[in-house]
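J.: the sequence and its predicted three-dimensional model are supplied below.
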Amino acid sequence: MQDLKEDFDSLVAKTPLSDGIDRRDFLMTALGTGFAAAVLPVAAQSVIKTDTAGLTAGTVSVTVNGQTVPVYRAQPEGKSNLPVILVVSEIFGVHEHIADIARRFAKQGYLALAPDLFVRQGNPASYGSIPELMKEVIAKVPDAQVMADLDACVAWAKDHGGNTDKLGITGFCWGGRIVWLYCAHNPDVKAGVAWYGRLVGEKTALTPTQPVDIAAGLKVPVLGLYGGKDSGIPLDTVEKMKAELAKGSSKSEIVVFPNSGHAFNADYRPSYVEADAKAAWQRCLAWFKAHGVA
């Protein structure tokens, strides 16, 4: 933990800000800035940095039942009638990697929105360990709240240059699970791409449904991208999901990358597998194009 603190303090010191703004507070609260403390140190040599040239990018606000939800928005500058992609974060929130994913979609011509879905429960960046973050924030987030926040993002997009007839959603880890659930919740979604999202799990008052429960009745085509060496998502659960999907008509698919573990697309973490991440990204873009999102 001491090493973690030293790495974070080093990152704070290197964060350039104008006078009068506290670097630590900024790093811990601003969407798309820095990385969550629980994943430091960052594997800097592999981090992908997508610039904002030709883009409008930054934080906007969406109001949901009186709650202001910050959303990182990226889109081609000066363009409208854009296809829309919702980007759902990992448990670490909308940090620099998720913002970069949004910018990558914007470079492809999308209006990309990455909402802070944990705003009511706490700031993931302020927790120094994953168990603490899970207990204090993630375990307190209701699925119903997440669905409502994403619905509000879709409404915002419709009023701000987005063509919600071309609506897609993608998400990573925690967000991958949400992709499956949101595609069941909102039939107006044209397609989803779920990156290593958990498929089975305990049913609770806050999480009453798991992806495997909705698979057979799913109407929206979802592409699942999973790692064959992911110890947290055993292959038998992937096979169970495939079997349930086969009972339905969504034409969803699951691709397993046998040489990758969990978070193989997270270029800021040691789990990153460059070849599989690049291949999965191309599959992601092709999936959205094939299903009328692009």
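T.: Sure, I can see it. Numbering: from 1, shown residues only.

J.: okay, strands next: where are they in this structure?
T.: Ranges of strands within the chain are 55-64, 67-76, 82-88, 111-115, 162-172, 191-195, 222-227, 253-257, based on DSSP state E.

J.: so what's the residue count around the nearest residue to residue 217 once chain neighbours are set aside?
T.: The shortest distance from residue 217 to any non-neighbouring residue, by C-beta to C-beta, 6 or more residues apart in numbering, is to residue 248 (6.0 Å). In short, each C-beta sits where N, CA and C put it, glycine included. Residues within reach of residue 248, counting by other C-beta atoms under 10 Å, total 14.

J.: please look at residue 248 and residue 218 and confirm they touch.
T.: Yes: the pair residue 248 and residue 218 qualifies as a contact (C-beta atoms under 8 Å) at a distance of 5.5 Å.

J.: residue contacts, residue 58?
T.: Contacts of residue 58 were listed using C-beta atoms under 8 Å, 6 or more residues apart in numbering, and they are 32, 72-73.

J.: possible to save those as TSV with pLDDT?
T.: Formatted as TSV, those follow (pLDDT from 0 to 100):
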residue	pLDDT
32	87
72	98
73	98
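
J.: on that earlier part again, can you redo the strands of the chain as JSON lines with distance to residue 96?
T.: Converted to JSON lines, those look like this (distance: least, C-beta to C-beta, whole Å):
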{"stretch": "strand 55-64", "distance to residue 96": "12"}
{"stretch": "strand 67-76", "distance to residue 96": "10"}
{"stretch": "strand 82-88", "distance to residue 96": "13"}
{"stretch": "strand 111-115", "distance to residue 96": "11"}
{"stretch": "strand 162-172", "distance to residue 96": "14"}
{"stretch": "strand 191-195", "distance to residue 96": "17"}
{"stretch": "strand 222-227", "distance to residue 96": "21"}
{"stretch": "strand 253-257", "distance to residue 96": "24"}
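
J.: tell me the contacts of residue 94?
T.: Taking C-beta under 8 Å, 6+ apart, one finds 31-32, 70, 72, 114-116 in contact with residue 94.

J.: sounds good, over and out.
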